[in-house]
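Give me coordinates for this.
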Amino acid sequence: MNIFRFAGDMFHLISILVLLLKIYATKSCSGISLKTQELYALVFLTRYLDLFTDFISLYNTVMKIVFIASSVAIVWCMRWHKVVKRSYDRELDTFRHYFLVMASLALALVVHEKFTFQEIFWAFSIFLEAVAILPQLVLLQRSGNVDNLTGQYVFFLGAYRALYILNWIYRYFSEPHFTRWISCVAGLVQTALYADFFYYYFISWKNNAKLQLPA
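Model prediction:
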């Protein structure tokens, strides 16, 4: 493991912790897209089908369990927690996320590295993760104002993927048989989707002002 992947994993973990802090400390999920969280739960459940069959390292196994458990827990809170679910912005979270699921599955059936059950679902999870943030970004644009914890969550989530691009570049030059080009292309697309958010995040940080996105 290189420093870029480790840093990316830590940023990803921080983003989840920030989101859990927001939900459990404030008992509110206002500003959070349930549809994005459902997509992430699906991403991790389909990507880590090898959890009980292939052991790579203790670190790898622990991170897989953390990502699956946390994503499912967040969805559960937003859907069924008797207090948290009341703050869900249902009227703003109207992105038709099932189109993203169908498109990602169709693409995975055509574009994959090996035509096996596990590899197709791995490719599906990569393609779906690249666009899973879209419902969240749309919700934030519709609401305009972004609270501090939600802004931090999205920032760390975007930074994690940007660091993974550096990880892939490093592995391309350091590993003679690195072939995960699907991850590279999907990662570039995913990071590009955050560009507008990063711009307004930087402006708000520079001016020490509340983060606001154009409607």
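
Flag the shaky bits of this protein, pLDDT-wise.
Scanning the chain for pLDDT under 70 picks out 215.

Specify the residue positioned farthest from the middle of it.
Most distant from the centre of the chain: P176, at 28.8 Å, with distances by CA atoms, centre = their mean.

Can you pull the phi/psi pair for that one?
Backbone torsions of P176, given as degrees, to the nearest 10, read phi -70, psi -20.

How about the contacts made by it?
If you count contacts by CB atoms under 8 Å, 6 or more residues apart in numbering, P176 has none. In this view, the C-beta of every residue, glycine as well, is placed from N, C-alpha and C.

mind checking the longest helix of the chain?
Scanning the chain for the helix with the most residues, using DSSP state H, yields helix 148-174.

Which parts of it count as buried, going by neighbours?
If you call a residue buried by 16 or more other CB atoms under 10 Å, then helix 148-174 has these buried ones: 149-165, 167-168, 171.

Remind me what whichever helix or strand I182 is part of packs against, helices and strands.
Mapping I182 onto the secondary structure by DSSP states H and E places it in helix 181-193. With contacts defined as 3 or more CB pairs under 8 Å, 6 or more residues apart in numbering; DSSP states H and E, the packing partners of helix 181-193 are helix 117-131, helix 148-174.

What lies in contact with that helix?
The contact list for helix 181-193 (CB under 8 Å, 6+ apart) reads 111-113, 123, 126-127, 129-131, 133-134, 137, 158, 161-162, 164-165, 168, 172.

if I pick the residue lying closest to Y164 once chain neighbours are set aside, what's in contact with it?
Excluding the flanking residues, the one nearest Y164 by CB to CB, 6 or more residues apart in numbering is G8, at 4.5 Å. By CB under 8 Å, 6+ apart, the residues touching G8 are Y160, R161, L163, Y164, L166, N167.

got these as TSV, with distance to Y98 columns?
Output for the contacts of G8, formatted as TSV (distance: CB to CB, whole Å):
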residue	distance to Y98
Y160	25
R161	23
L163	30
Y164	26
L166	33
N167	31
